[in-house]
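1. Quick one: sequence plus predicted model below, questions after.
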Amino acid sequence: MLPYNIPDPSNEAVGPFKECQLPRKQLGASSKSGVTAPTASAEEGPDSVSCQQAINSAQREKQDLAAQWTAATANRNAVAIAERQMRWSVLEFFALIGTLTFAYIAISDGRKHSVAELRAYVSIKDRVLSRLYIGQHARVDFKIFNAGTTPAHNMRYRAALEVFDVPFKGDIKSQFGTPAGEIPPLAVIHPQESHEAEAIQHKPLTAVEWAGICSGAWGLYLVCDVEYDDAFGNSRLTKFCAWIGGPEFAETDASARKAGIPKTDVVWILTADHNTAT
C-alpha cells in the first residue's frame, strides 16, 4: 500500500499523475550498541504539495465528468421519452380525426335516416273524372295526400287538364307552360290527411277531341305540381302526370252514362316522365 493513501498509480483515473508520488520516510540504521537510532527523515518539500493538488484536481475532474455523463444520459432518456410521446401524440391525433370523421358520418347518416323516416310524403290520389260532355270544360277532382309522419307546410299546387296525342312526345311541362287552375292559399296537410283539389280544362271539349279520346289516339292528360315545406325546413316538389282514353275508357264512360252516374273513378295511366312523389 502506498503511503498517505495515494491512489494506485495503475488506476487509469489518475491519468497524468501516475508519476506523482511522495518520498517514503527513511528508517534509521542500527548502532553498534544494538539501539536503533532514528535518522533524519526526508523533508516534504513543495513538490509533495503540488502533487497532492494535482491528484485532487484529477478527482474533481473525474467527478465532473461523471456528473456530465449522468446528465447526458438523463437528457438522452428524456429525449427518447419525448420522441415516444410525440409519436403517440401523432397517432392519437390521427385516431381522434378518424373517430370524429366516423362520428360525423354516423350523425349525418342518422339525420338522413331520421328525415327520411319522419318527413312528409305528398302524392296525388282519388282522381275522379266528372262526366265528359262535348262543348263543356272537362273537370277532375283529386286529393293531395300526405302519407308521411309530419305535416306538409305551406302547400300550394297548380293543375291543368288538356288533350294531347298518345303517347305524349316532348316535355310535358314545356307543352303545358304554367299549369292553369286555382292556386289556393298556403295550407297545411297533416299526416295521413288530404287536401281537396281540382283541375279544369281551359277550353270546352270538342267533338274531334272526344272521338280521339274514345279511340285511344288522343288522351285527356292531368298535370299537377305540388310544392310544400317539410318539418325540417326543406322545400319539396311533387310532380304528377297521367292520362285516360282508349276503347276500355269509352265502354266505362258509356256504362256510367246509361246508369246516370255523374262522375267516374277511372284508371289513369302514368306517363313516363313528370312523375315524382316526394
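-> Structure's in. What do you need?
2. Not counting its neighbours along the chain, what's nearest Ala277?
-> Ser123 (4.2 Å; C-beta to C-beta, 6 or more residues apart in numbering). Using the backbone N, CA and C atoms, a C-beta is placed for each residue, glycine as well.
3. Might you report the residue contacts of that neighbour?
-> The contact partners of Ser123, taken as C-beta atoms under 8 Å, 6 or more residues apart in numbering, are Ile144, Phe145, Ala147, Thr238, Phe240, Ala277.
4. In terms of pLDDT, where does Glu209 sit?
-> Predicted confidence (pLDDT) for Glu209: 94.
5. For it, which non-adjacent residue is closest in space?
-> Among residues not flanking Glu209 along the chain, Val163 sits closest, at 4.6 Å (C-beta to C-beta, 6+ apart).
6. Can you tell me the SS state at Phe240?
-> Going by DSSP: H, G, I helix; E, B strand; the rest coil, the secondary structure assigned to Phe240 is strand.
7. Correction: the previous question concerned Lys203.
-> coil.
8. Can you get me a residue count around the residue nearest to it when sequence neighbours are not counted?
-> Nearest residue to Lys203 in three dimensions, chain neighbours excluded: His137, at 7.3 Å (C-beta to C-beta, 6+ apart). A count of nearby residues for His137, using other C-beta atoms under 10 Å, gives 14.
9. So His137 sits against Glu198, correct?
-> No: contact criterion C-beta atoms under 8 Å: His137 and Glu198 do not qualify, at 11.1 Å.
10. thinking again about what came up before, could you single out the nearest of the contacts of Ser123 to Ala207?
-> Phe240 (28.5 Å; C-beta to C-beta).
11. pretty sure the closest one is touching Lys125, no?
-> No: under the criterion of C-beta under 8 Å, Phe240 makes no contact with Lys125, lying 9.7 Å away.
12. Can you list the neighbours in contact with stretch 259-274?
-> So stretch 259-274 is contacted by 126-131, 141, 167-168, 171-173, 219, 221-223, 239-244, 249, 252-253, 256 (C-beta under 8 Å, 6+ apart).
13. Among the residues you listed, name the ones in helices.
-> Ile172, Lys173, Phe249, Thr252, Asp253, Ala256 (DSSP state H).
14. And the residue nearest to the third one when sequence neighbours are not counted, its phi and psi?
-> Excluding its sequence neighbours, the residue lying closest to Phe249 (C-beta to C-beta, 6+ apart) is Val266, at 6.1 Å. Summarising the backbone geometry of Val266 under the convention degrees, to the nearest 10, its torsions are phi -90, psi 170.
15. What of Phe164?
-> phi -140, psi 170.
16. can you pull up the bridge partners for the closest residue to it other than its chain neighbours?
-> Closest residue to Phe164 apart from its sequence neighbours, by C-beta to C-beta, 6+ apart: Tyr221 at 5.4 Å. Counting by DSSP bridges, Tyr221 is bridged to Glu162, Trp243.
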